[in-house]
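S.K.: below is the sequence, then the predicted model.
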Amino acid sequence: MESQLITSIISATIICGTPLIIVAIGTLVAEKSGVLNLGAEGMMSVGAIAAFAVAFSGGSPFFAVLAGMAAGCAMSLLFGFLTLTMLANQVASGLALAIFGVGLSAFIGKPFESAPIDIVPSIRIPFLADIPVIGPALFNHQSLVYFSWLLVAAVIWFLYRSRWGLVLRAVGESPTAAHSVGYKVNVLRYAAVAFGGAMAGIGGAYMSVYYTPLWAEGMVAGRGWIALALVVFATWRPMRVVLGAYLFGGVMISQLFVQGSGLKLEVPAQFLSALPYAATIIVLVVISRNANTIRLNSPASLGQPYRADS
């Protein structure tokens with residue numbers, strides 16, 4: 001019985017942390033290019049409703065995820081046009097994108113409210129899933145959980161083992177120097193922003209098609225903001241993003257376990273529901289106390305405008 005509880009907690013933590021990993025990794029790549037996009041919440045919301053609409057209309061989970069990815073990518077390209085081409089303020093544009101995306105998804109999603117779809121089955125990996133306790137917790141999940149692990153590995157290889165990853169980081173550190181040796185800074189930044197938006201869309205698709213197979217207004221529930229905080233928490237390092245996502249996923253799932261366990265605690269349920277967001281704030285405050293850590297690891301040109309290549 002105890003081993004089953006441990007397995008359930010580990011499995012639920014992984015499930016809960018998966019959308020945070022996908023969105024935060026996409027945000028990390030965009031920020032490595034020097035672009036600060038705060039619109040993850042809006043891109044996730046639009047990706048969630050686009051994916052759900054396709055799934056509800058009879059499309060397979062694969063095509064639903066593609067729809068979510070395309071919707072998130074389109075939103076990010078709108079942000080890219082405003083900030084990279086029109087040189088609008090990145091912070092203001094990102095906040096506007098977040099608000100716009102949440103509102104747009106609520107409007108489009110009205111006909112789909114509380115309409116259920118089929119649950120996406122888990123993929124059990126033979127032999128590995130038979131390992132006691134950790135086997136069922138790690139190797140019996142839906143496809144996007146495994147995708148999140150492959151995504152992290154691919155991004156680590158791209159950023160630190162490939163030529164174009166080095167170029168992308170150079171663009172984030174000094175766009176002027178990168179342009180002086182012949183690289184199209186805005187083209188690379190557009191590509192990074194589009195990738196970040198696509199991952200936010202996939203994260204939204206996970207929420208509406210995989211995690212809770214139904215649509216409800218506000219179902220993203222601040223996960224886009226937590227993903228943004230995770231990038232800072234991880235000091236722009238992919239493996240730390242994974243650890244942070246599972247940490248916050250564990251906090252999220254623990255308050256659900258406590259509320260569902262029947263324990264009589266003299267603590268309001270609203271307080272328990274706020275724990276993940278309180279943990280986010282506390283972690284950011286602790287990290288921000290060491291300004292050197294942030295300065296040494298963040299891209300030097302993050303959030304700064306750069307004029308179109310001439």
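M.R.: Sure thing, it's come through. Quick caveat, the model's predicted, so the values are computed rather than measured.
S.K.: can you show me the strands along this structure?
M.R.: Secondary structure of the chain (DSSP state E): strands at 123-124, 140-141.
S.K.: could you name the helices and strands sitting against the last one?
M.R.: Of the remaining helices and strands, those touching strand 140-141 by 3 or more C-beta pairs under 8 Å, 6 or more residues apart in numbering; DSSP states H and E are helix 2-32, strand 123-124. To be clear about C-beta, it is placed using only N, CA and C from the backbone, and glycine gets the same treatment.
S.K.: what is the burial count for F233?
M.R.: Each residue near F233 was counted by other C-beta atoms under 10 Å, and the total is 23.
S.K.: nearest to G94, of the strands of the chain?
M.R.: Closest to G94 of the strands of the chain is strand 140-141 (C-beta to C-beta; 31.2 Å).
S.K.: helices of the stretch 201-310 of the chain, residue ranges please.
M.R.: Assigned by DSSP state H, counting those that start in this stretch, the stretch 201-310 of the chain shows helices spanning 223-233, 238-260, 269-273, 275-288, 291-297.
S.K.: helices and strands around the longest one, which ones?
M.R.: Right, helix 238-260. Applying 3+ C-beta pairs under 8 Å, 6+ apart, one finds that helix 238-260 contacts helix 2-32, helix 143-161, helix 223-233, helix 269-273, helix 275-288.
S.K.: just the ones you listed: most buried one?
M.R.: For the helices and strands packed on helix 238-260, the stretch with the most neighbours on average is helix 223-233, a mean of 25; neighbours defined as mean count of other C-beta atoms under 10 Å.
S.K.: what is the mean pLDDT for that one?
M.R.: When pLDDT is averaged along helix 223-233, the result is 92.
S.K.: now do it: distance to the chain's middle.
M.R.: On the basis of C-alpha atoms, centre = their mean, to the nearest Å, helix 223-233 is displaced by 8 Å from the centre of the chain it belongs to.
S.K.: contacts for it next, please.
M.R.: Taking contacts as C-beta atoms under 8 Å, 6 or more residues apart in numbering, the residues outside helix 223-233 that touch it are 19-20, 23-24, 27-28, 31, 38-45, 98, 200, 203, 207, 240-241, 244-245, 248, 276-277, 280, 283-284, 287, 294, 298.
S.K.: repeat that for stretch 202-212.
M.R.: Contacts of stretch 202-212 from elsewhere in the structure, counted by C-beta under 8 Å, 6+ apart, are 15, 18-20, 22-23, 26, 43-52, 55, 61, 64-65, 67-69, 71-72, 117, 120, 142, 144, 147, 214-215, 219-220, 223-224, 227.
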